[in-house]
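Asks: Model the following, please.
(4 chains)
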Protein chains: 2
Amino acid sequence: MKTALGNIEMLLEAEIDEGRALSRAERRELQVQRILDAAKTCFAREGFQGASMQQICAEASMSPGALYRYFVSKEAIIEEICAAARRDDEEKLAEMLTKRDVVEGMVFGAMTHIRFVHETDACALIAQFHAEATRSESVRAIYCNHLAEVRGIFLQYLGAALDRGEIEPLFELETLVPAMMSIIQGIANNDLPANGVALDKVETVVRTVMVSMLRPTGKAA
Amino acid sequence: MKTALGNIEMLLEAEIDEGRALSRAERRELQVQRILDAAKTCFAREGFQGASMQQICAEASMSPGALYRYFVSKEAIIEEICAAARRDDEEKLAEMLTKRDVVEGMVFGAMTHIRFVHETDACALIAQFHAEATRSESVRAIYCNHLAEVRGIFLQYLGAALDRGEIEPLFELETLVPAMMSIIQGIANNDLPANGVALDKVETVVRTVMVSMLRPTGKAA
DNA sequence: TGACCGAGAATGATCGCTCGCATAAATTGA
DNA sequence: TCAATTTATGCGAGCGATCATTCTCGGTCA
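Replies: Numbers count the residues shown, from 1 in each chain, chains lettered A, B, ... in the order given. All right, here's what the predicted structure looks like:
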C-alpha cells in the first residue's frame, strides 16, 4: 500500500539535506505517521479485531510502551485513520466543484475516487472500515457523518446544475444522489480495475450511468 | 434478522401437530440451524472476530461443549453460513433464467437480491463477510468461487440474448458483467431502501442502468 | 447397554494495555 | 559555557481479562 508520506518525506529531507536535527514536534509527527502506516498495513491484512497491537508494534518497529505514548488506544488509531481518509476525500470533492460541466464533474469525482482506491490498494482496508462501522459506535458516527457530508456536496453541486436547467434528473436529487453514491461505491470497493475491467471502460460505465440518471439537456455551452 | 426457518418450522410442526418425537437426525438438524441463526445474529452485531464463541453459545442457549458437537470450530460455522447463502443465491438466479425479456430478467435478479438483503437486514452480515473474505483464505475461496459462478450465469444469460440480437451492449460482456455486478452489489450492500430510497425508485434506477448498459434493440416480442 | 448429547469448569494462549525504569533531549541557572 | 534539572521518549516484562477450544462426567435416548 502506498502511504501518505508527503510530510514525512519533507521532514526526512530536512534532516538529511540540511543536516539539522528534527524538532520535538517534527519527530512526534513522524512517529505518529509511522504508527498509522503500520496500522493500516496490519488492519488491511488482518482486519481490525484480528490485528493485534503487538503486530502493529512489530510493523512499526516500536514497543507497546512507545506506541501508547502516541495513541491512547487501538480505537483511537482507527479513528485517526478514518479522519485522515475523510480529509483526503474533502480535497478531491473540492476539486470536483470547480468543474463547469456537471456530468464531467461527477465522472471526474467518481473516477478520482475509483482510481485512488485502486492505486493505493485501499480495497481491503475499506472493507474493514465498512464492517467496523456496523459494529463500533464511534466509527459508525465518523462514517455516517462523512457520508452525509459527501451527499450534501453532491446535492449542492447537482442542485445548482438543475436550477440552471442543465439536467433533467430521473427524479428528485434527494433520492438520486444516495443511489449514485452507492453505485460508485460498489465499483470502487470491488476494485474493478483489478478485476479485468480497464480504467477507460470503467470510465465509460460511470459516464453512461451519470448520463442516464442526470439526463443532461445540453443547455450548457 | 429474519432467519431461514423453513425446515425448522416443519420439524416443530411435526413435533407439535403429530405429537411425535423428533428423530435423532431431525433433532440434529434443528440444533445446527439454531447455532447458525445465533451465529448470524452475533456476527452481524459484533463482527467475526469480535463475536466470541461464548456469545454465540449464549445466543443459542447452549453450552460450548454442546456447540462443539455440531461444529468443529468457529471457522466451520462461518463457512457453513457462506455455503447456505450461496445456495440461496443459486435458487434466485435459476428463477431469473426463466425470464424471457433479458432486461426484465436482470432487473428481477437484481431486485430480488436487493429486496432480500433489505428484508433480512443482511447488510451488516454481508459487510462482515466481505471483510473476512479479504482476510481468511477459506472464506475468500468460497466468496470468489461464488462470484465467478454468478458471473458465469449472467454471461450465459446475456450471451444468449446477444446472440439473438436482443441487445447491443456498451461493450464486451466479459467486462460489462463484472461492472453490472459491482453496481448491484453497491446498491444492495448499502441497503438503499433503508436509507430513504423507496423500493420502486431503486427499481427505476436499476432498470435505467440495465437499459443504458445493455441497450435492448426491441427485437424481442 | 452403548452411542450420543449437554453442561460447565478448566486450559493454555493471546488480548489490549500499564508500569517502572533507563535514556535522551530540552531547559535552566550561574 | 556547562553542569543540573526537568521533561519527553522508549523499552519490555507483566497485568487481568478474555479468547477458542477441550475435558470430564452425568444424563438420555434407541
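
Asks: Pull out the buried residues from the helix or strand containing A:Pro178.
Replies: Assigned by DSSP states H and E, A:Pro178 belongs to helix A:173-189. Within helix A:173-189, the residues that count as buried by 16 or more other Cβ atoms under 10 Å in any protein chain shown are A:173, A:175-189. In this view, the C-beta of every residue, glycine as well, is placed from N, C-alpha and C.

Asks: Please enumerate the helices of chain A.
Replies: A:6-18, A:24-46, A:53-59, A:64-67, A:74-97, A:102-119, A:123-133, A:137-163, A:173-189, A:199-214 (DSSP state H).

Asks: would JSON lines of the ones you listed with mean pLDDT be doable?
Replies: Shown next, in JSON lines, are the helices of chain A (pLDDT from 0 to 100):
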{"stretch": "helix A:6-18", "mean pLDDT": "43"}
{"stretch": "helix A:24-46", "mean pLDDT": "95"}
{"stretch": "helix A:53-59", "mean pLDDT": "98"}
{"stretch": "helix A:64-67", "mean pLDDT": "98"}
{"stretch": "helix A:74-97", "mean pLDDT": "95"}
{"stretch": "helix A:102-119", "mean pLDDT": "98"}
{"stretch": "helix A:123-133", "mean pLDDT": "94"}
{"stretch": "helix A:137-163", "mean pLDDT": "95"}
{"stretch": "helix A:173-189", "mean pLDDT": "97"}
{"stretch": "helix A:199-214", "mean pLDDT": "98"}
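
Asks: Relative to chain B, which of the ones you listed is closest?
Replies: helix A:173-189 (1.9 Å; Cβ to the nearest Cβ).

Asks: Quick check: which of the helices of chain A is nearest to B:Cys42?
Replies: Across these, B:Cys42 has its closest neighbour in helix A:123-133 (13.9 Å, Cβ to Cβ).

Asks: so what's the residue nearest in space to the middle of chain A up against?
Replies: By Cα atoms, centre = their mean, chain A has its centre lying nearest to A:Ala85, at 4.4 Å. For A:Ala85, the contact set (Cβ atoms under 8 Å, 6 or more residues apart in numbering or on different chains) comprises A:Phe129.

Asks: how close does the nearest residue to A:Lys201 once chain neighbours are set aside get to DNA strand D?
Replies: Excluding the flanking residues, the one nearest A:Lys201 by Cβ to Cβ, 6 or more residues apart in numbering or on different chains is B:Thr175, at 5.3 Å. Between B:Thr175 and DNA strand D the computed distance is 40 Å (Cβ to the nearest atom of the strand, to the nearest Å).

Asks: send the alpha carbons of stretch A:103-111 over as CSV?
Replies: The C-alpha coordinates for stretch A:103-111 follow below in CSV (Å, rounded to 0.1, in the frame of the first residue of the first chain):
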residue,chain,number,x,y,z
VAL,A,103,-21.7,15.3,-15.9
GLU,A,104,-17.9,15.7,-16.4
GLY,A,105,-17.6,16.9,-12.8
MET,A,106,-19.4,13.8,-11.5
VAL,A,107,-17.4,11.5,-13.7
PHE,A,108,-14.2,13.2,-12.5
GLY,A,109,-15.2,12.9,-8.9
ALA,A,110,-16.2,9.2,-9.3
MET,A,111,-13.1,8.3,-11.3
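
Asks: ok, back up a step: ok, so of the buried residues of helix A:173-189, who is nearest DNA strand D?
Replies: Nearest to DNA strand D among the buried residues of helix A:173-189, counting by Cβ to the nearest atom of the strand, is A:Asn189 at 26.3 Å.

Asks: ok, back up a step: so which elements touch the helix holding A:Pro178?
Replies: Packing partners of helix A:173-189 (3 or more Cβ pairs under 8 Å, 6 or more residues apart in numbering or on different chains; DSSP states H and E): helix A:102-119, helix A:123-133, helix A:137-163, helix A:199-214, helix B:173-189, helix B:199-214.

Asks: Columns distance to B:Arg151 on top of these, output as a markdown table?
Replies: Below are the helices and strands packed on helix A:173-189 laid out as a markdown table (distance: least, Cβ to Cβ, whole Å):
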| stretch | distance to B:Arg151 |
| --- | --- |
| helix A:102-119 | 19 |
| helix A:123-133 | 18 |
| helix A:137-163 | 29 |
| helix A:199-214 | 16 |
| helix B:173-189 | 6 |
| helix B:199-214 | 15 |
